[in-house]
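[1] Any chance you could fold what I've pasted below:
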Amino acid sequence: MSEAFEAPAGAGLTAGQYKDMVLKAGQEPEAFWLEQARKLVWHVPPQQASRSDFTGDVRVDWFSDGFLNVSENCLDRHVRSQPDKLALIWQGQDEDQKESLTYQELHARVCRLANVLRRLGVKKGDCVAIHLPMVVEGIIGMLACARIGAVHVVLFGGFSAEGLAERLSDSGAVLVLTADVARRGDKRIPSKTIMDEAIARCGAESRVRHVLVVSVTGADVPMQPERDLFYTDEVAQEQPDCPAESMSAQDPLFLLYTSGSTGRPKGLVHGSGGYLVWAAFTHATVFDHKPDDIFWCTADTSWITGHTYVVYGPLANGGTILVYEGLPSWPAPGRWWDVIDQYGVTVFYSSPTVVRGVMREGNDVVRSRSLASLRVIGTVGEPISGSLAVVP
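    Residues are numbered from 1 along each chain as shown. As a prediction, this is how the structure comes out:
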């Protein structure tokens with residue numbers, strides 16, 4: 001590996017400083033992780049880092065004497081320091097579908113939904129299922145749940161009714177956010193109809209009291225009186241401010257299910273404090289975060305990479321995230337590269353699958369775009385098969 005590639009160490013660190021940091025983390029882990037935790041805003045700052053035990057009855061314990069709110073860390077402190085900075089840029093799969101939100105605007109949208117959830121009876125510790133394509137409301141939903149202490153479970157839009165039913169029953173979700181109809185290239189996915197079937201499949205096991213329907217395409221969908229509500233109508237009734245719930249660092253932030261490809265899907269619980277410290281630290285360090293970055297992680301928010309590097313890591317660091325609804329090669333190869341040039345994306349994080357797809361399309365597709373804004377490109381998850389050609 002070339003010296004030029006080894007030099008960037010992340011978060012403005014030199015290679016030497018990065019090595020010193022690694023050394024300190026290994027020699028003094030308690031002091032190191034408490035130092036990282038102090039970069040967040042706490043209601044009660046932790047005095048201890050980890051008391052985890054991996055012998056016998058495994059116990060994972062991070063910052064357990066601390067209290068904080070994840071939504072506050074991703075929004076409120078940045079509203080105070082940089083209210084007009086862009087927090088989120090959304091580009092739909094069609095060129096005329098776009099939206100940009102400052103930290104102040106995103107905070108207001110999150111608070112309105114958080115107030116809706118509280119009005120509909122969602123309490124701290126309740127589970128809310130989010131079944132949406134890559135639209136702004138999905139990210140707002142995650143942050144609104146975190147704000148009131150509800151546990152969110154983001155469900156992949158491609159799951160069947162049976163797959164959704166398994167996860168709804170197991171999680172005990174009391175409220176669902178879903179779309180009328182989702183877009184995926186030239187296909188239309190009847191999200192609301194599939195969700196209705198999933199809830200029906202749950203039978204007596206269903207705890208779902210309300211379904212909030214986000215109008216993605218504007219299609220007419222069946223609405224069950226009293227249970228089903230239109231998202232836009234509900235948030236319009238609420239105020240743009242909502243007090244945040246004080247949460248133990250050990251309280252669950254979200255539930256995320258395995259794919260279920262080898263049996264019944266298993267729900268993995270992620271806590272609040274330890275998760276956010278790690279998300280913010282790795283985003284800043286691995287991607288060399290800078291204040292003026294436009295950060296684009298292409299992962300779906302229904303996967304852990306999407307949770308950490310679409311939402312929580314970049315927003316905890318006061319960054320600007322780009323969210324794109326569409327596919328990389330629809331309506332034509334190179335669509336994602338057009339988005340990079342259009343918005344001046346500086347950090348691009350995607351999967352080996354995308355890299356292999358680009359290789360199949362040929363170098364001419366990439367060479368026909370500028371991509372001059374890109375500073376860091378990342379990929380992770382599996383080996384990239386074949387040789388990688390460097391496109392000058």
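[2] Quick one: end-to-end length of stretch 225-237, please.
    By CA to CA, to the nearest Å, the extent of stretch 225-237 from end to end equals 19 Å.
[3] and if you look at stretch 292-303?
    26 Å.
[4] check contacts around the closest residue in space to D76 that isn't next to it in sequence.
    In space, not counting the residues next to it along the chain, D76 is nearest to H107; the distance is 6.6 Å by CB to CB, 6 or more residues apart in numbering. The C-beta positions use only the backbone N, C-alpha and C, and glycine is treated the same way. By CB atoms under 8 Å, 6 or more residues apart in numbering, H107 lies in contact with 75-76, 79, 240.
[5] so H107 sits in a strand?
    No: according to DSSP: H, G, I helix; E, B strand; the rest coil, H107 belongs to no strand; its state is helix.
[6] pretty sure Y324 contacts A299?
    No: in this structure, Y324 is not within contact of A299 by CB atoms under 8 Å, at 11.1 Å.
[7] Leaving out sequence neighbours, find the closest residue to S191.
    A179 (4.2 Å).
[8] Give me the pLDDT for the one you found.
    For A179, the pLDDT comes out at 98.
[9] Please work out how many residues are found near it.
    27 (other CB atoms under 10 Å).
[10] can you check the one 10 residues further on too?
    Applying other CB under 10 Å, we find 17 residues neighbouring I189.
[11] V216 is in what secondary structure piece?
    Using DSSP states H and E, V216 is not contained in any helix or strand.
[12] In contact with it, which residues?
    Contacts of V216 by CB under 8 Å, 6+ apart are 132-133, 135, 179-183, 191.
[13] How about the contacts made by the residue lying closest to G92 once chain neighbours are set aside?
    Distances taken as CB to CB, 6+ apart place E325 nearest to G92, at 4.7 Å, with adjacent residues excluded. E325 sits next to 90-93, 97, 133-135, 183 when contact means CB under 8 Å, 6+ apart.
[14] Then N317?
    Each residue near N317 by CB under 8 Å, 6+ apart is listed here: 280, 283-284, 289.
[15] Quick one: the residues you listed as a markdown table, columns for secondary structure, distance to D220 and pLDDT too.
    A markdown table is the format used below for the contacts of N317 (DSSP: H, G, I helix; E, B strand; the rest coil; distance: CB to CB, whole Å; pLDDT from 0 to 100):
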| residue | secondary structure | distance to D220 | pLDDT |
| --- | --- | --- | --- |
| A280 | helix | 42 | 98 |
| H283 | helix | 41 | 98 |
| A284 | helix | 45 | 96 |
| H289 | coil | 44 | 96 |
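[16] Looking at those, which is nearest D84?
    H289 (19.6 Å; CB to CB).
[17] for the closest residue to the closest one other than its chain neighbours, phi and psi?
    Distances taken as CB to CB, 6+ apart place N317 nearest to H289, at 5.4 Å, with adjacent residues excluded. Dihedral pair for N317: phi -90, psi 10, per degrees, to the nearest 10.
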